[in-house]
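Enquirer: Turn this into a structure:
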Amino acid sequence: MKKSLMVFYISAGILLLLVFFGVFAPDSLENVTANVQAFITDKFGWYYLILVSFIVIVCLYFLISPLGRIKLGKQEDKPEFSRPTWFAMLFSAGMGIGLVFWGAAEPIYHYAVGSPTGGAVGTDEAIKNAMRYTYFHWGIHAWAIYGIVALVLAYFNFRHGEPGLISATLKPILGDRTQGVTGKVIDILSVVATVIGVATTLGFGAVQINGGLSYLYGIPVNFTVQFIIVVIVTVLFVVSALSGLGKGIKILSNANMILAAVLFVLAFFLGPSLFILNLFTNTLGSYLQYLPGMSLRIAPLNPEVREWINGWTIFYWAWWIAWAPFVGIFIARVSKGRTIREFVFGVLLVPSLIGFIWFATFGGTAIMQEHQGIAKISELATEEALFGVFSNLPMGTVLSIIAILLICTFFITSADSGTYVLGMMTTNGSHHPGNKIKLVWGILLAAISLVLLYSGGLQALQNTMIAAALPFSVIMALMTFSLIKALQKEAKELGIGRIPKKKV
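Expert: Next up is the predicted model:
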């Protein structure tokens with residue numbers, strides 16, 4: 001076994017075992033993942049909340065600290081991509097399918113089915129709570145998780161010339177052990193978490209494409225249809241992946257943003273526009289007001305609310321953590337030449353604001369339709385909620401078709417980016433992984449998403465992701481401390497933050 005490909009062979013072998021397990025014992029896989037998920041959310045919820053809150057604080061500190069002047073690269077390095085393309089790339093990789101899948105479904109659930117606070121559903125107060133917690137799940141905390149991993153990788157890779165590997169970022173803490181067995185174990189855990197995180201999201205995409213086709217054309221919602229969808233999209237994203245980062249992903253990312261912008265503008269003007277603007281403004285204020293309390297809310301004395309937190313907040317934090325090595329490596333790769341301050345501003349604040357506007361538009365429209373008795377969106381399947389909203393708007397069929405196209409392009413972009421990132425992670429950090437390696441990861445991503453759908457649908461996707469996120473969360477905490485230690489050392493060497501002595 002080639003030493004440089006050891007991580008590839010071992011991690012691919014582990015994931016192949018998962019595929020075989022899911023094919024030949026799907027019920028057992030579902031039971032195992034459900035038990036692991038229940039144990040983690042019940043016993044480690046407090047840990048996730050503290051860890052993610054700490055990461056948010058660190059990122060915000062870098063935004064205002066003199067350390068923000070440090071560049072992710074050499075002083076003469078310039079950004080490879082323009083700001084609009086950069087935003088499009090990181091947004092497409094970071095949130096894509098999730099925003100479309102949950103855009104209407106999450107707010108309507110919190111409003112009409114299960115209250116985040118344990119209060120009455122279907123009330124004016126329920127609208128405020130539903131939107132505030134949706135913002136919380138998709139806002140600064142989510143992007144801080146992505147951002148810290150990307151920041152650490154970009155700093156060590158471009159400024160200090162370390163390989164683009166998770167293990168290489170821990171050198172200030174672990175020393176030369178990062179180049180031995182310890183480093184390989186770290187990279188293998190990161191690859192497994194990445195594959196499961198990306199495969200889960202692809203599963204969500206396949207389910208929603210199926211839901212849209214079912215709502216529009218009566219095509220049945222079942223595994224066979226989802227299998228066909230995944231196979232077709234796999235062929236498309238493998239072709240895109242083999243064309244290279246500068247071509248395939250760049251073109252698709254810009255296409256994503258155009259389609260998303262068209263869908264958003266149409267939904268905004270065809271929907272309750274004034275209500276959307278008022279809801280966005282009011283929710284943004286309450287989100288900022290209640291952010292510290294929401295960040296550490298575990299409800300130890302209220303089992304009903306605790307169950308909600310485990311099923312939503314802890315699930316999301318685990319999802320973002322499982323996605324973090326993938327999104328982090330990708331964002332790092334496209335962020336060379338930017339300062340830490342520009343990076344944090346671009347990765348944390350801009351995408352969060354776009355997400356808030358998105359949820360106010362689609363979630364606000366869904367809530368308004370239900371609140372006014374126009375439609376019972378909450379009674380639809382999760383994957384059909386968005387299409388149910390569109391059916392009550394002018395040009396509803398056009399909106400639904402655009403949404404399906406958007407999910408497809410997000411699907412392809414996420415998988416395309418995923419094969420590139422996994423290629424990097426398993427070829428010692430190479431920025432140009434071979435096509436054979438990317439092809440293997442493309443097939444494995446598709447296979448695992450299909451196995452999880454086959455063994456238990458959406459619930460199996462969620463359970464497996466939460467299980468995969470826990471070990472990487474520990475690695476992520478170590479990465480954060482490693483970056484702080486390295487930046488403190490560099491700041492001391494460069495005299496950053498030091499008050500100059502006055503001449504007498």
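
Enquirer: drop to CA atoms for contacts and neighbour counts, all remaining ones
Expert: OK.

Enquirer: helices or strands up against the helix or strand where K436 lies?
Expert: K436 is located in helix 435-494, with elements delineated by DSSP states H and E. Counting contacts by 3 or more C-alpha pairs under 8 Å, 6 or more residues apart in numbering; DSSP states H and E, helix 435-494 packs against helix 6-24, helix 26-64, helix 140-154, helix 171-174, helix 181-217, helix 223-242, helix 315-333, helix 396-425.

Enquirer: out of these, nearest to R306?
Expert: Ranking those by proximity to R306 (C-alpha to C-alpha) places helix 26-64 first, at 9.0 Å.

Enquirer: Specify the angle between the closest one and helix 6-24 in degrees.
Expert: Orientation check (axes from the mean of the first three to the mean of the last three C-alpha atoms, to 10 degrees): helix 26-64 against helix 6-24 gives 140 degrees.

Enquirer: Please identify the buried residues of helix 26-64?
Expert: Judged by neighbour count (16 or more other C-alpha atoms under 10 Å), helix 26-64 contains these buried residues: 26, 29-30, 33-34, 36-38, 40-41, 45, 47-49, 51-56, 58-60, 62-63.

Enquirer: related to what we said a few turns ago, quick one: distance of the helix holding K436 to the chain centre.
Expert: Between the centre of helix 435-494 and the centre of its chain there are 10 Å (C-alpha atoms, centre = their mean, to the nearest Å).

Enquirer: tell me the mean pLDDT over it?
Expert: On average, the pLDDT along helix 435-494 is 84.

Enquirer: relative to helix 396-425, how tilted is that helix?
Expert: 70 degrees.

Enquirer: Determine the angle, from 0 to 180 degrees, between helix 435-494 and helix 181-217.
Expert: Counting by the same axes, to 10 degrees, helix 435-494 points 120 degrees away from the direction of helix 181-217.

Enquirer: mind checking how far M424 is from I448?
Expert: According to C-alpha to C-alpha, to the nearest Å, M424 stands 20 Å off from I448.

Enquirer: no wait, Y454
Expert: 10 Å.

Enquirer: more neighbours, the two?
Expert: More crowded of Y454 and I448, by other C-alpha atoms under 10 Å: I448, with 26 against 22.

Enquirer: Which residues are in contact with the more buried one?
Expert: 15, 18-19, 196, 199 (C-alpha atoms under 8 Å, 6 or more residues apart in numbering).

Enquirer: D176: which of the residues you listed is nearest?
Expert: L15 (27.9 Å).

Enquirer: got a pLDDT number for that closest one?
Expert: So, for L15, pLDDT stands at 85.

Enquirer: Number of residues surrounding it?
Expert: Other residues near L15 come to 19 when the count uses other C-alpha under 10 Å.

Enquirer: Excluding residues flanking it in the chain, which one is nearest it?
Expert: V192 (7.1 Å; C-alpha to C-alpha, 6 or more residues apart in numbering).

Enquirer: The one you found and I10: what is the separation?
Expert: V192 sits 10 Å away from I10 when distances are taken as C-alpha to C-alpha.

Enquirer: higher neighbour count, those two?
Expert: V192 (21 against 17).

Enquirer: what about the more buried one, distance to F44?
Expert: Distance from V192 to F44, by C-alpha to C-alpha: 20 Å.

Enquirer: now swap in A446 and tell me
Expert: Taking C-alpha to C-alpha, one finds A446 at 30 Å from F44.

Enquirer: same deal with A375?
Expert: Counting by C-alpha to C-alpha, the gap from A375 to F44 is 39 Å.

Enquirer: cool, and A403?
Expert: 36 Å.

Enquirer: residues contacting the closest residue to A104 other than its chain neighbours?
Expert: Spatial nearest neighbour of A104, excluding adjacent residues (C-alpha to C-alpha, 6+ apart): G363 at 4.2 Å. Listed by C-alpha under 8 Å, 6+ apart, the contact set of G363 reads 103-108, 131.

Enquirer: Please apply the same query to V23.
Expert: V23 touches 451, 454-455, counting by C-alpha under 8 Å, 6+ apart.

Enquirer: how about a markdown table for the residues you listed, with distance to V233 added?
Expert: Formatted as a markdown table, these follow (distance: C-alpha to C-alpha, whole Å):
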| residue | distance to V233 |
| --- | --- |
| V451 | 16 |
| Y454 | 17 |
| S455 | 21 |
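
Enquirer: List just the nearest of these to P300.
Expert: S455 (32.7 Å).

Enquirer: Would you mind measuring from the closest residue to that closest one other than its chain neighbours to V36?
Expert: In space, and not counting its chain neighbours, S455 is closest to P26: 4.3 Å by C-alpha to C-alpha, 6+ apart. To V36, P26 is 15 Å away according to C-alpha to C-alpha.
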